[in-house]
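**Student:** I would like to see how this sequence folds:
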Amino acid sequence: MYSKEIMDRFVSPENAGGLRGANGVGKVTNDLTSDMMKMYLQIDEDGRIEEARFKTFGCCVAIASSDLACDLIKGKTIEEALQVTNQDMLAVLGEMPAYKEHYTVMAESLIHSAIEDYYKRKEKESRRIAQE
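**Tutor:** Next up, the predicted model:
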């Protein structure tokens, strides 16, 4: 009962893997299922997401949601990326069992986590420069 979109992204995710030089890294876990999603972002000086990659340990919907989240934020500003919701992902992914929809919520949280890490790194760098 999975859509073609989910199965295609599960079998051949385009954004799988780490990202050398990422300046934002987010991670979310589901304590009940032990599923884990990690997202790597490369954000330019203007606050635009140049690249997004992921590593996910979980089912086909977890992997498809992570892959789609990367596609939905690439090329967007941070502000635009923060507007991406799990409802946007559900609309693209299509049919899945209702009990699997929480993976899109995790993917939405993943975007926020990676952007939050970007801001923390940027703040830390600013403090380091100010101390020099």
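**Student:** list the buried residues for the longest helix anywhere in the chain?
**Tutor:** Ranked by number of residues, the top helix in the chain under DSSP state H is helix 102-131. Of all the residues in helix 102-131, those buried under the rule 16 or more other Cβ atoms under 10 Å are 102-111, 113-115, 117-118. Glycine gets a C-beta too; all of them are placed from N, C-alpha and C.
**Student:** and G24, what does it touch?
**Tutor:** 39-43, 114-115, 117-118, 121 (Cβ atoms under 8 Å, 6 or more residues apart in numbering).
**Student:** kindly recompute the last result at 7 Å.
**Tutor:** G24 sits next to 41, 43, 114-115, 117-118, 121 when contact means Cβ atoms under 7 Å, 6 or more residues apart in numbering.
**Student:** again, but for M36
**Tutor:** M36 is in contact with 27, 29, 56-57, counting by Cβ under 7 Å, 6+ apart.
**Student:** tell me which residues are up against stretch 75-90.
**Tutor:** Contacts for stretch 75-90 (Cβ under 7 Å, 6+ apart): 43, 47-49, 65, 68-69, 72-73, 101, 104-105, 107-108, 111-112, 115.
**Student:** do the same with stretch 98-118
**Tutor:** Outside stretch 98-118, the residues that touch it by Cβ under 7 Å, 6+ apart are 23-28, 30, 37, 39, 41, 43, 58, 61-62, 65-66, 69, 73, 78, 81-82, 84-86, 89-90.
**Student:** from the residues you listed, which ones fall inside strands?
**Tutor:** 24-28, 30, 37, 39, 41, 43 (DSSP state E).
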